[in-house]
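>>> Structural data only, the sequence is not supplied:
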């Protein structure tokens, strides 16, 4: 069996070094005969990460490959990774981000769950690592924690921050990342929805843990509100994906957005009146619904937030 570990990188040299170091320390003891390769896709026009990858490749634990995808956008980088994994006749591709690093048992846990479930994709857990000085309300509010599920649970969504995908199944359904979401994000949501619509399964591997380094620029209310707004953009796109020209679907999106804005705004004001500023994480939580509503409205009107135009972290 052949498995390719892939990460797209863009102007995060320290994050990339930490990721490569952690992947070199992965343990594989109970997975049988597995050939592992690592592919780093550099999404800068100047090949900024080439020297870092070359330095690691000389004595790396796994075969380490470098690609330079000059077309700006996360979909171009991830589709380049899919093409490379296919060219190497890999059975599965595993995506991880360049601001993350895996637990030493991460790969083993993903492969075990894949073999046991026979699912088209296996999603792992993501745990945030905060910098010193992060506001207490952000940590206690658990705003950066991904949803956790029972080990082996079937899921109705996934993301590429920590996921294994069966390449044979992906090819069978002719699925790749949609370039319409190159700078906005949401391309992974659309791909996994395509798998589910085709009747495939996504399952959860609770022990397949990666750690996400949260930079100071993201540990703020402003960034959270932008992320929640973008989540609304994606929700709007999902709702009308079957017929983007349908007036009824677009009208439905507008109504859904208005309801979320009303509900979120009302809850925010109620919490503010009752709690004052004593429990900031409680006051902030309804802003998720409010921002998501505005994101639905904006996307329906053609105004999406391009999250991948900004760089956070090093």
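That came through, no problem. What you see is a predicted model; the values in this text were computed from it and never measured.
>>> how about low-confidence regions in this structure?
For the chain, the stretches with pLDDT under 70 are 31, 242-245, 276-278, 305, 307-314.
>>> For it, which segments count as helices?
13-24, 50-57, 74-87, 106-117, 136-141, 167-172, 187-197, 221-240, 247-275, 280-284, 286-300 (DSSP state H).
>>> my guess is residue 150 contacts residue 205, does it?
No - Residue 150 lies out of contact with residue 205 (C-beta atoms under 8 Å); the separation is 10.8 Å. In short, each C-beta sits where N, CA and C put it, glycine included.
>>> higher neighbour count, those two?
In terms of neighbours (other C-beta atoms under 10 Å), residue 205 is the more surrounded of residue 150 and residue 205; the figures are 28 against 8.
>>> if we can go back for a sec, turn the helices of the chain into JSON lines, columns for mean neighbour count and distance to residue 100.
What follows is those, written out as JSON lines (neighbours: other C-beta atoms under 10 Å; distance: least, C-beta to C-beta, whole Å):
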{"stretch": "helix 13-24", "mean neighbour count": "19", "distance to residue 100": "7"}
{"stretch": "helix 50-57", "mean neighbour count": "16", "distance to residue 100": "16"}
{"stretch": "helix 74-87", "mean neighbour count": "21", "distance to residue 100": "14"}
{"stretch": "helix 106-117", "mean neighbour count": "21", "distance to residue 100": "10"}
{"stretch": "helix 136-141", "mean neighbour count": "16", "distance to residue 100": "18"}
{"stretch": "helix 167-172", "mean neighbour count": "16", "distance to residue 100": "21"}
{"stretch": "helix 187-197", "mean neighbour count": "20", "distance to residue 100": "14"}
{"stretch": "helix 221-240", "mean neighbour count": "20", "distance to residue 100": "16"}
{"stretch": "helix 247-275", "mean neighbour count": "15", "distance to residue 100": "30"}
{"stretch": "helix 280-284", "mean neighbour count": "18", "distance to residue 100": "24"}
{"stretch": "helix 286-300", "mean neighbour count": "23", "distance to residue 100": "23"}
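>>> between these, which gets nearest to residue 42?
Of all those, helix 50-57 sits nearest to residue 42, with 6.5 Å by C-beta to C-beta.
>>> List of residues touching that closest one?
Residues outside helix 50-57 that contact it (C-beta atoms under 8 Å, 6 or more residues apart in numbering): 13, 16-17, 20-21, 24, 40, 42, 64, 66, 68.
>>> Residue 61: neighbour count?
Other residues near residue 61 come to 13 when the count uses other C-beta under 10 Å.
>>> how close does it sit to residue 68?
23 Å (C-beta to C-beta, to the nearest Å).
>>> in the strand of greatest length in the chain, what's buried?
Among the elements of the chain assigned as strand by DSSP state E, the one spanning the most residues is strand 202-213. Applying a neighbour-count criterion of 16 or more other C-beta atoms under 10 Å, one finds 202-206, 208-213 buried in strand 202-213.
>>> Switch these over to JSON lines; also include distance to residue 33.
Output for the buried residues of strand 202-213, formatted as JSON lines (distance: C-beta to C-beta, whole Å):
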{"residue": "202", "distance to residue 33": "26"}
{"residue": "203", "distance to residue 33": "23"}
{"residue": "204", "distance to residue 33": "26"}
{"residue": "205", "distance to residue 33": "21"}
{"residue": "206", "distance to residue 33": "25"}
{"residue": "208", "distance to residue 33": "20"}
{"residue": "209", "distance to residue 33": "25"}
{"residue": "210", "distance to residue 33": "25"}
{"residue": "211", "distance to residue 33": "29"}
{"residue": "212", "distance to residue 33": "31"}
{"residue": "213", "distance to residue 33": "33"}
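>>> And the residues you listed, which is closest to residue 264?
Proximity of these to residue 264 (C-beta to C-beta) peaks at residue 212, which lies at 25.5 Å.
>>> how much space is there between that closest one and residue 32?
Using C-beta to C-beta, residue 212 is found at 30 Å from residue 32.
>>> now swap in residue 236 and tell me
Distance of residue 236 to residue 32, computed by C-beta to C-beta: 44 Å.
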